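K.L.:
Kindly return the folded structure for what I paste below:
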Amino acid sequence: MISTHDLEQLAEIELQKEEEEEEEQGSLGGHPLAPSSGNACQDMSHPYYDVARHGILQVTGDDKYGRKLIIFSSFCMPPSHQLNHHRLLEYLKYTLDQYVESDYTVVYFHYGLRSSNKPSLRWLREAYREFDRKYKKNLKALYVVHPTNFIRIIWNIFKPLISHKFGKKLTYVNYLAELREHLNYDQLIIPPAVLRHDEELRAAQKGGPPPPVKIPPPRPPLPTQQFGVSLQYIREKNNGALIPPVMCQTVSYLKRKGLKTEGIFRRSARVQLIKDIQKLYNQGKPVSFEQYSDVHVPAVILKTFLRELPEPLLTFTLYDQIQDFTKVESSLRASRCKRIVESLPEHNFIVVKYLICFLHMVSQESISNKMSSSNLACVFGVNLVWPPKGTISLGALAPLNIFAELLIEHYHTIFSSRCPPQQVLP
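P.N.:
Next comes the predicted model:
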């Protein structure tokens with residue numbers, strides 16, 4: 001039986017071999033001090049700016065199942081002498097602490113890990129111990145992208161420490177295209193070098209230049225379609241109803257059955273079940289949440305509906321204003337928030353008011369459900385607004401969450417002045 005010491009030596013040898021092969025192919029350049037994508041933290045007042053500025057960790061919205069999506073990119077790690085790995089561990093915990101009460105998913109981009117920037121195995125052991133049950137319980141999936149022999153050897157070293165249940169959460173992903181099945185691929189923040197590496201891998205597999213990743217052309221929506229179509233489309237196909245049926249039914253059910261449920265909106269549901277319910281809605285068939293006996297199902301359906309809108313409820317137009325929102329003095333933010341929301345088109349305003357009114361009700365039961373305005377904002381911020389192009393970086397999340405928190409907490413102040421004749425409230 002191979003000892004742990006021998007496995008550690010084998011891992012080092014494998015990593016060096018991989019580096020030599022990459023250098024021969026000329027595919028691995030030097031590591032930048034910060035990623036060229038512009039998604040690194042630019043806020044020098046951040047408590048972990050020394051680590052965050054490299055862009056190693058990103059939070060980019062939710063996966064297809066409503067779980068927070070967290071990305072770790074090895075390529076963005078600078079050489080070890082330029083990065084305090086103890087601070088890196090603290091930063092990882094600091095970031096995860098904001099999300100681990102909810103279900104979440106981690107994507108690890110392995111490409112770019114080298115001897116020069118690799119944390120020690122001692123650090124990895126310490127990290128595994130530090131990430132106790134609180135962190136492991138709600139981690140629902142861990143995708144390791146572009147795994148190598150080094151990764152497999154490391155897994156064998158840690159296998160005695162890892163529970164069978166945790167091991168089942170691990171999925172090896174050989175090519176980026178495989179992530180499309182599980183994640184909103186276009187939301188991912190992927191270092192350009194990782195994209196190039198993926199192309200090289202596909203080219204080597206085929207023995208020629210990589211074929212373009214084929215994305216099937218979008219099908220025309222059904223007349224009964226609810227997911228992935230605009231508010232206007234839904235309104236036209238539903239006799240002028242201002243509030244989409246999915247929102248009406250989920251909110252109505254949750255108002256009756258879920259207001260006091262602890263962790264409402266933080267849990268995920270069975271993937272196939274959510275897909276089946278979406279299909280029923282899109283085909284115009286009746287959906288009864290009573291039969292599922294799980295309030296988390298309509299909660300996930302509501303988040304999924306918002307996330308799949310072609311344009312967010314708060315519109316692309318307001319994204320930059322919301323991003324600049326934190327520059328406003330704290331005492332003036334509620335009035336600024338009010339002006340921004342009142343500039344929405346009337347239909348969007350009515351739907352946003354309906355949703356926020358309900359979330360305000362949820363927050364009023366926070367003693368029971370543990371979902372304060374702040375906690376709800378962490379869940380719904382990225383589902384209310386996102387940029388027209390590209391993805392939401394970790395640094396861009398804070399303004400979205402603060403804005404959403406104010407909407408929920410100061411619902412009556414922000415929405416009371418504008419009362420459209422056709423408004424509907426839950």
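K.L.:
Determine whether the claim that Leu183 is in a helix is correct.
P.N.:
No. Under DSSP: H, G, I helix; E, B strand; the rest coil, Leu183 sits outside any helix and is assigned coil.
K.L.:
is it fair to say Pro387 lies in a helix?
P.N.:
No. Judged by three-state DSSP, Pro387 forms no part of a helix; its state is coil.
K.L.:
Can you get me a residue count around it?
P.N.:
As a burial measure, Pro387 scores 14 neighbours (other C-beta atoms under 10 Å). Every residue, glycine included, has its C-beta placed from N, CA and C.
K.L.:
mind listing what it touches?
P.N.:
The neighbours of Pro387, taking C-beta atoms under 8 Å, 6 or more residues apart in numbering as the test, are Phe316, Tyr319, Ala396.
K.L.:
just Lys255 next, same as before
P.N.:
So Lys255 contacts Phe358, Met361, Pro426 (C-beta under 8 Å, 6+ apart).
K.L.:
same check, this time on Met44
P.N.:
No contacts exist for Met44 under C-beta under 8 Å, 6+ apart.
K.L.:
Give me the pLDDT value at it.
P.N.:
In this model, Met44 is scored at 77, pLDDT.
K.L.:
That one in helix, strand or coil?
P.N.:
Following three-state DSSP, the label given to Met44 is coil.
K.L.:
Quick check: phi and psi on it?
P.N.:
phi -70, psi -10 (degrees, to the nearest 10).
K.L.:
any idea how far it lies from Tyr172?
P.N.:
Using C-beta to C-beta, to the nearest Å, we find Met44 at a distance of 38 Å from Tyr172.
K.L.:
Kindly report the same for Arg129.
P.N.:
24 Å.
K.L.:
okay, these two: which has more neighbours?
P.N.:
Using other C-beta under 10 Å, the more surrounded residue of Arg129 and Tyr172 is Tyr172, with 15 against 9.
K.L.:
doesn't the more buried one fall inside a helix?
P.N.:
No. Counting by three-state DSSP, Tyr172 is located in no helix; its state is strand.
K.L.:
Now do the SS call for the nearest residue to it once chain neighbours are set aside.
P.N.:
Distances taken as C-beta to C-beta, 6 or more residues apart in numbering put Pro147 closest to Tyr172, at 4.7 Å, once the chain neighbours are dropped. Following three-state DSSP, the label given to Pro147 is coil.
K.L.:
part of a strand, is Ala141?
P.N.:
Yes. In this structure, Ala141 lies within a strand as judged by three-state DSSP.
K.L.:
Which strand residues bridge the nearest residue to it once chain neighbours are set aside?
P.N.:
Nearest residue to Ala141, sequence neighbours excluded (C-beta to C-beta, 6+ apart): Thr105, at 4.6 Å. Note on Thr105: beta-bridge partners by DSSP bridges are Leu69, Ala141.
K.L.:
I'd like to know how far Thr105 sits from Leu188.
P.N.:
Counting by C-beta to C-beta, the gap from Thr105 to Leu188 is 11 Å.
K.L.:
tell me the contacts of the nearest residue to Pro223 once chain neighbours are set aside?
P.N.:
Of all residues not flanking Pro223 in the chain, Lys237 sits nearest, at 5.4 Å (C-beta to C-beta, 6+ apart). Going by C-beta under 8 Å, 6+ apart, Lys237 touches Pro223, Thr224, Gln225.
K.L.:
Selecting buried members of those residues in ChimeraX, what would you type?
P.N.:
To isolate the buried ones among these in ChimeraX, judged by 16 or more other C-beta atoms under 10 Å, type:
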select :225
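K.L.:
Take the contacts of Lys237 and write them to JSON lines, including pLDDT and distance to Glu409.
P.N.:
Shown next, in JSON lines, are the contacts of Lys237 (pLDDT from 0 to 100; distance: C-beta to C-beta, whole Å):
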{"residue": "Pro223", "pLDDT": "88", "distance to Glu409": "39"}
{"residue": "Thr224", "pLDDT": "90", "distance to Glu409": "37"}
{"residue": "Gln225", "pLDDT": "92", "distance to Glu409": "34"}
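K.L.:
Show me the contacts of Lys237 that map onto helices.
P.N.:
Within the contacts of Lys237, no residue falls in helices by DSSP state H.
K.L.:
ok, of the contacts of Lys237, which one's closest to Ile71?
P.N.:
Distance to Ile71 across those (C-beta to C-beta) is lowest for Gln225, with 30.6 Å.
K.L.:
just to revisit the earlier point, which ones among the contacts of Lys255 are found in helices?
P.N.:
Of these, the ones assigned to helices by DSSP H are Phe358, Met361.
K.L.:
Can you give me the neighbour number for His85?
P.N.:
Close neighbours of His85, defined as other C-beta under 10 Å, add up to 19.
K.L.:
dump the residue contacts of Ser45.
P.N.:
Not one residue lies near Ser45 by C-beta under 8 Å, 6+ apart.
K.L.:
Can you point out the buried residues in stretch 310-330?
P.N.:
The neighbour-count check on stretch 310-330 (16+ other C-beta under 10 Å) flags Pro312, Leu313, Leu314, Thr315, Leu318, Tyr319, Gln321, Ile322, Gln323, Phe325 as buried.
K.L.:
Which one of the contacts of Pro387 is nearest to Ile56?
P.N.:
Using C-beta to C-beta, Ala396 is the member of those that lies nearest Ile56, at 16.4 Å.
K.L.:
Tell me which helix or strand that closest one sits in.
P.N.:
helix 394-409 (DSSP states H and E).
K.L.:
what sits up against that helix?
P.N.:
Contact with helix 394-409 is made by 39-43, 52, 57-59, 95, 322-326, 333-334, 337, 340-341, 352, 356, 359-360, 363, 373-374, 376-378, 380-382, 384-385, 387, 392, 414, as judged by C-beta under 8 Å, 6+ apart.
K.L.:
ok, now stretch 278-294?
P.N.:
Contact with stretch 278-294 is made by 222-227, 245-246, 249-250, 253, 257, 269, 273, 277, 297-298, 301, 304, as judged by C-beta under 8 Å, 6+ apart.
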